[in-house]
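Chemist: build the 3D model from these lines:
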Amino acid sequence: MRKLKMGMVGGGIDSFIGAVHRMAAVMDGHIEMVCGALSSTPERSQKSGELLGMDPSRIYYNYEEMIRKEEALPDGERMDFVCIVTPNNLHFGPAKLALENGFHVMSDKPMTYNLKEAIELVHLVEKTGLVFGLTHNYTGYPMVKQARAMVRNGELGTIRKIAVEYFQGWLATKLEDTDHKQAGWRTDPKQSGAANCMGDIGTHAENLAEYITGLKIESLCADLTSFVGGRTLEDDGNVLLRFESGAKGTLLATQVAVGEENGLKIRIYGEKGGLEWAQQEPNSLRINWLDKPYEVMRTGTNFNRFTPAAVSASRLPSGHPEGFIEAFANLYKNFALTLKAKMEGRKPDPENLDFPTVSDGARGMAFIETVVESSRSPEKWVKLKEYV
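Modeler: Here you go, the predicted structure:
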């Protein structure tokens, strides 16, 4: 079958994440980018498209024009799905319009500006039957998939404790006052939403904990702080977690830990053993056993011990680092193969359904709003908000 055709909203000049999405989307040869509304201004969109070598007739001034004109093109020529890589407040509009006009969607996280918008997208996806993906890219790492299989196969026994943390230090000063684009919109409630740190990185930690364990957060107790003077939204958060299974956990997220880079780390403990994975050393998975020495599993080695999902997500021989972009690419690969199956009238391979969906996005928004509510409330333990 032909390559899937992708249109992009956002991701133009000076966009870090837009370039990541473009590289990841095309890595496996299933997708090509054919059009885009790449910036909030027509001039920057045009210039961005020219720098990328795009067909001038398919560089659009805004996403409304892109969706309208692409819909008018013949099947096989028009875009098949929309990739959304804008600030949070600009996720919902293009996602909603794309779904209403028959286009599938891949969106950056968090999915929307607020929970209300997220719920509307859940209903739209259910109504249209279209495919909706969300780039919680850390679920794409091979060792994360291996950890997931081991937990869900019962190798660690009943899970008792989950500790997940995401430490960064890049917002330890008021960087948003220096015209830093990424800091500017993330700390602005009009663009970011109810949270900064918890919306930007806390949702990754929440998603990773639930993805690996299969356990759902039932309630939480949160304490949010803005340590940098004059900053409206929080830059630090500490959350106690209660899972529906009875497991307990902690979630720590901060952007003011001086010297930290991108310290996403998770530890999970069951009756028989525990495991540990860190994003800055993504090719290693440490497993602690109750009755024998710990072991370290490494990407690209001893494939006979790995789950098929972990093998499929591994691209390179042992000792060749692979990481952030490849993890994104694994999500795009599964999204593309699922979409191709749907377009051909086939049931997708169950392994190809392994990517975050609109439901994960709504759950992430429920998590953000519950954390904010808990931090503000005198009643500290708050049940996770309903989203379906």
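
Chemist: on contacts alone, who are the packing partners of the lowest-mean-pLDDT helix or strand in the chain?
Modeler: One helix or strand of the chain scores below all others by mean pLDDT, DSSP states H and E: helix 308-313, with a mean of 91. Applying 3 or more CB pairs under 8 Å, 6 or more residues apart in numbering; DSSP states H and E, we find helix 308-313 packed against helix 142-152, helix 324-343. (Each C-beta comes from the backbone N, C-alpha and C, glycine too.)

Chemist: among these, which comes closest to Ile119?
Modeler: Proximity to Ile119 (CB to CB) singles out helix 324-343 among these, at 22.0 Å.

Chemist: and the angle from the closest one to helix 142-152?
Modeler: Here the directions of helix 324-343 and helix 142-152 differ by 70 degrees (axes from the mean of the first three to the mean of the last three CA atoms, to 10 degrees).

Chemist: what does helix 324-343 contact?
Modeler: The contact list for helix 324-343, computed with CB atoms under 8 Å, 6 or more residues apart in numbering, reads 1, 4, 20-21, 23-25, 27-28, 30-31, 80-81, 104, 106, 131, 133, 135-141, 282, 312-313, 315, 347-349, 351-356.

Chemist: send the alpha carbons of it over as PDB?
Modeler: Below are the C-alpha coordinates for helix 324-343, written out as PDB (Å, rounded to 0.1, in the frame of the first residue of the first chain):
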ATOM      1  CA  PHE A 324      14.200   9.700  22.000                       C
ATOM      2  CA  ILE A 325      13.500   9.900  18.300                       C
ATOM      3  CA  GLU A 326      13.300   6.100  17.900                       C
ATOM      4  CA  ALA A 327      10.800   5.900  20.700                       C
ATOM      5  CA  PHE A 328       8.600   8.500  18.900                       C
ATOM      6  CA  ALA A 329       9.100   6.500  15.700                       C
ATOM      7  CA  ASN A 330       7.800   3.300  17.400                       C
ATOM      8  CA  LEU A 331       4.500   5.100  18.200                       C
ATOM      9  CA  TYR A 332       4.300   6.400  14.600                       C
ATOM     10  CA  LYS A 333       5.000   3.000  13.200                       C
ATOM     11  CA  ASN A 334       2.200   1.300  15.200                       C
ATOM     12  CA  PHE A 335      -0.200   4.200  14.500                       C
ATOM     13  CA  ALA A 336       0.600   3.900  10.700                       C
ATOM     14  CA  LEU A 337       0.200   0.100  10.600                       C
ATOM     15  CA  THR A 338      -3.100   0.400  12.500                       C
ATOM     16  CA  LEU A 339      -4.400   3.100  10.100                       C
ATOM     17  CA  LYS A 340      -3.300   1.100   7.100                       C
ATOM     18  CA  ALA A 341      -5.200  -1.900   8.300                       C
ATOM     19  CA  LYS A 342      -8.300   0.200   8.900                       C
ATOM     20  CA  MET A 343      -8.100   1.700   5.400                       C
END
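
Chemist: can I get the helices and strands packed on helix 308-313 in TSV including mean neighbour count and mean pLDDT?
Modeler: As requested, the helices and strands packed on helix 308-313 are exported to TSV (neighbours: other CB atoms under 10 Å; pLDDT from 0 to 100):
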stretch	mean neighbour count	mean pLDDT
helix 142-152	22	97
helix 324-343	22	97
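
Chemist: what's the closest of those helices to Pro293?
Modeler: Nearest to Pro293, of all those, is helix 142-152, at 16.7 Å by CB to CB.

Chemist: quick check: what element follows the closest one along the chain?
Modeler: For helix 142-152, the succeeding helix or strand toward the C-terminus, using DSSP states H and E, is strand 159-167.
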